[in-house]
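Enquirer: Any chance you can model this:
(4 chains)
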There are 2 protein chains.
Amino acid sequence: MLTDRFLRDRRGVSLEAGERARLEASISSTMTVDARKIIARAGERLDQSTLLVEGIMSRYLDDRNGLRQLVAIHLPGDFVDLHAYPLKHLDHDVGTMTPATIAIVPHVELDAITEEMPELTRKLWFATLLDAAIHRAWLFRLGRLDAIGRVAHFFCETNVRLQSAGLSDGRQFTLGLTQADVAEICGLTTVHVNRVVRHLREEGLCTFRNGKVEILDAAKLARRGQFDPAYLYIDDPESPPPPDQRPRR
Amino acid sequence: MLTDRFLRDRRGVSLEAGERARLEASISSTMTVDARKIIARAGERLDQSTLLVEGIMSRYLDDRNGLRQLVAIHLPGDFVDLHAYPLKHLDHDVGTMTPATIAIVPHVELDAITEEMPELTRKLWFATLLDAAIHRAWLFRLGRLDAIGRVAHFFCETNVRLQSAGLSDGRQFTLGLTQADVAEICGLTTVHVNRVVRHLREEGLCTFRNGKVEILDAAKLARRGQFDPAYLYIDDPESPPPPDQRPRR
DNA sequence: GCATGCGATTAACCTCGATCATGACGATTC
DNA sequence: GAATCGTCATGATCGAGGTTAATCGCATGC
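Expert: Residues are numbered from 1 along each chain as shown, chains lettered A, B, ... in the order given. Just a heads-up that it's a prediction; the model follows:
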């Protein structure tokens, strides 16, 4: 199903079969989109949202000089602009990074869901707040980490997210991003990202070639990027969090 | 009323009288809190949320060396950790910056609201997404602006937000923050914030003394910080946005 | 065959902001 | 009144990362 990956393994909010069916039934159409296409522009009024089925998408803000700051990367299973449902107007652009398959969910369907299924509504709400939690991790990354730490943190995060989507084995994954993309994510220049990538390779932490990341030493990489996956709210059957307290980051 | 400032003048989602009354009735208690106190810690399970009535609060992440990155500043009228309702566990700490008055809303009350009042539920959802939009503006600030631009952007944002809360006349406002606080917000050191403040003063853009900001040249300050208030979703009766398209940022 | 263009790479140079240090001023506490 | 502490202020030094520019590899198209 198109919604198979949505909220998969998320702590306490995985969808019931009926909920997933309802969401699936809310999809009005699916389509494929080329790489580097804009799906929605800041300010436009939206009456539908986009569920990403395959490929990578991003959300970004433009600065006055035409440079971009990416504010989110979206992977298969993400409800990319679900937040457009309550907001109606977005404050940023949404676009594809790679060729993508997307499913369209009209807001009238979401109206019906919020009227009839409060539990599913809370789970949709949760999904948008998960994006906000990732925003906060990105703020930490930009505000407190140096260049090497930022790239390390980004690779760690993406590895965990892709793993929960079944698209990484935890050791390597294909991103389809360029060094310039990573620069727009980490608030660096492409030149310096190149230096950082070389450093990470020479230190034996990870490699990044042709849009493919290989994790060589996950523990060291996480340490270098001060990465703690708690903010991703992923259910880890191996080490369930204590019911009342997760470790501090 | 305690909720008077909540979602005031927000585009298209201001509360109906009945909705506001219901929210007001959901408050179980109010209390005052000293400055620099922690209200909630990362990882704790929460079964209530906090509406800020008076004072300034913040949300922040700690790094490994004990430094903090603030990820949000909250002003009177903000539903500070409403996102804890769907999330249940927070990924960050919540604390007061100044002495504060807060109102407590138990999550069981929000359960009832989401069961019975889908329209109000969407407005609460909107409120949490507004915080996410502010996160994104902060990402832009940290990723694309230099030190002077970051501080300028922060003062502009806070001025607009306080103005819509009726706590700034648009020319000056009291924040009660120190230069060290601004440093934790803008990802800078206190030493450099001091230099930036001096620069802004000497250039005639604004002053910052004893926690009080005076805007000397709002247009220049906004320009220096590449500030466009669209992401705050504030209803401006003077210049209503065209129904189908807001200006690009 | 050659042209074109994108992405990765590397070098030289320079700037912004961190770091370290010192001091002033006011409020508080004893 | 002295001591202490938080906040603000300012100078000197240094390094991480930006800027600019040149080159290379590789894919694609004609």
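Enquirer: all contacts plus neighbour counts: C-alpha atoms, from now on.
Expert: Fine.
Enquirer: Roughly how far does the residue at minimal distance from the centre of chain A sit from DNA strand C?
Expert: With distances taken as CA atoms, centre = their mean, residue A:74 lies nearest the centre of chain A, 3.6 Å away. Noted for residue A:74: a distance of 18 Å to DNA strand C, by CA to the nearest atom of the strand, to the nearest Å.
Enquirer: And for residue A:1?
Expert: Distance from residue A:1 to DNA strand C, by CA to the nearest atom of the strand: 31 Å.
Enquirer: again with residue A:188
Expert: Taking CA to the nearest atom of the strand as the measure, residue A:188 falls 12 Å from DNA strand C.
Enquirer: Just list the residues touching the closest residue in space to that residue that isn't next to it in sequence, thanks.
Expert: In space, and not counting its chain neighbours, residue A:188 is closest to residue A:147: 7.2 Å by CA to CA, 6 or more residues apart in numbering or on different chains. If you count contacts by CA atoms under 8 Å, 6 or more residues apart in numbering or on different chains, residue A:147 has them with A:186, A:188, A:193, A:196.
Enquirer: so the last one touches residue A:149, yeah?
Expert: No - no contact is recorded between residue A:196 and residue A:149 when judged using CA atoms under 8 Å, the distance being 9.1 Å.
Enquirer: Which one of the two is surrounded by more residues?
Expert: Legend: neighbour count by other CA atoms under 10 Å in any protein chain shown for residue A:196 and residue A:149, higher for residue A:149 (23 against 18).
Enquirer: Please tell me how far that one sits from chain B.
Expert: Using CA to the nearest CA, to the nearest Å, one obtains 12 Å as the distance from residue A:149 to chain B.
Enquirer: could you say which helix or strand contains that residue?
Expert: helix A:147-164 (DSSP states H and E).
Enquirer: Direction included, what does the helix or strand following that helix pair up with?
Expert: Once helix A:147-164 ends, the next helix or strand along the chain (criterion: DSSP H and E) is strand A:172-174. Sheet pairing here is set by DSSP bridges, and for strand A:172-174 it gives strand A:212-215 (antiparallel).
Enquirer: and the partner strand, how far out from the chain's middle?
Expert: 17 Å (CA atoms, centre = their mean, to the nearest Å).
Enquirer: can you pull the buried residues of it?
Expert: For strand A:212-215, burial by neighbour count (16 or more other CA atoms under 10 Å in any protein chain shown) applies to A:213, A:214, A:215.
Enquirer: Residue A:175 is in contact with the first one, correct?
Expert: The one in question is residue A:213. Yes - because the distance of 7.2 Å satisfies CA under 8 Å, residue A:213 is recorded as touching residue A:175.
Enquirer: Same question for the helix holding residue A:149: list its buried residues.
Expert: A:147-164.
Enquirer: Intersect those residues with the contacts of DNA strand C.
Expert: Among the buried residues of helix A:147-164, no residue is within reach of DNA strand C (CA under 7 Å from any atom of the strand).
Enquirer: returning to that earlier point: is the helix holding residue A:149 positioned near DNA strand D?
Expert: Yes - counting by CA under 7 Å from any atom of the strand, DNA strand D has neighbours in helix A:147-164: A:147, A:148.
Enquirer: Extract the CA atoms of that helix and return them as CSV.
Expert: This file holds the C-alpha atoms of helix A:147-164, laid out as CSV (Å, rounded to 0.1, in the frame of the first residue of the first chain):
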residue,chain,number,x,y,z
ALA,A,147,31.1,21.6,10.2
ILE,A,148,32.3,18.0,10.7
GLY,A,149,29.8,17.5,13.5
ARG,A,150,26.9,18.9,11.3
VAL,A,151,27.6,16.5,8.5
ALA,A,152,28.1,13.6,10.8
HIS,A,153,24.8,14.4,12.6
PHE,A,154,22.9,14.6,9.3
PHE,A,155,24.2,11.3,8.1
CYS,A,156,23.4,9.6,11.4
GLU,A,157,19.8,11.0,11.4
THR,A,158,19.2,10.0,7.8
ASN,A,159,20.6,6.6,8.4
VAL,A,160,18.2,6.0,11.3
ARG,A,161,15.2,7.4,9.4
LEU,A,162,15.9,5.4,6.3
GLN,A,163,16.4,2.3,8.4
SER,A,164,13.0,2.7,9.9
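Enquirer: what about residue A:191, neighbour count?
Expert: Residue A:191: 11 neighbours (other CA under 10 Å).
Enquirer: That one: which element?
Expert: For residue A:191, the element it lies in under DSSP H and E is helix A:190-202.
Enquirer: does DNA strand D sit close to the helix or strand following that helix?
Expert: Toward the C-terminal end, the helix or strand that comes next after helix A:190-202 (DSSP H and E) is strand A:206-209. No - using CA under 7 Å from any atom of the strand, strand A:206-209 stays clear of DNA strand D, with a minimum separation of 11.5 Å.
Enquirer: report the angle between the axes of the helix holding residue A:149 and helix A:190-202?
Expert: Orientation check (axes from the mean of the first three to the mean of the last three CA atoms, to 10 degrees): helix A:147-164 against helix A:190-202 gives 70 degrees.
Enquirer: quick one, domains of chain A?
Expert: Domain assignment for chain A, taken from automatic domain parsing, gives A:17-137, A:146-232.
Enquirer: I'd like those domains as a markdown table, with mean pLDDT appended.
Expert: Below are these laid out as a markdown table (pLDDT from 0 to 100):
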| stretch | mean pLDDT |
| --- | --- |
| domain A:17-137 | 96 |
| domain A:146-232 | 96 |
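Enquirer: that older thread, what residues of the helix holding residue A:191 count as buried?
Expert: For helix A:190-202, using 16+ other CA under 10 Å, the buried residues are A:190, A:193, A:194, A:196, A:197, A:200, A:201.
Enquirer: From those residues, pick the one nearest DNA strand C.
Expert: Proximity of the buried residues of helix A:190-202 to DNA strand C (CA to the nearest atom of the strand) peaks at residue A:194, which lies at 5.1 Å.
Enquirer: can you count the residues close to residue A:221?
Expert: There are 24 residues near residue A:221, going by other CA under 10 Å.
Enquirer: any idea how far DNA strand D is from it?
Expert: Residue A:221 sits 16 Å away from DNA strand D, going by CA to the nearest atom of the strand.
Enquirer: Residue A:62 now?
Expert: Distance from residue A:62 to DNA strand D, by CA to the nearest atom of the strand: 15 Å.
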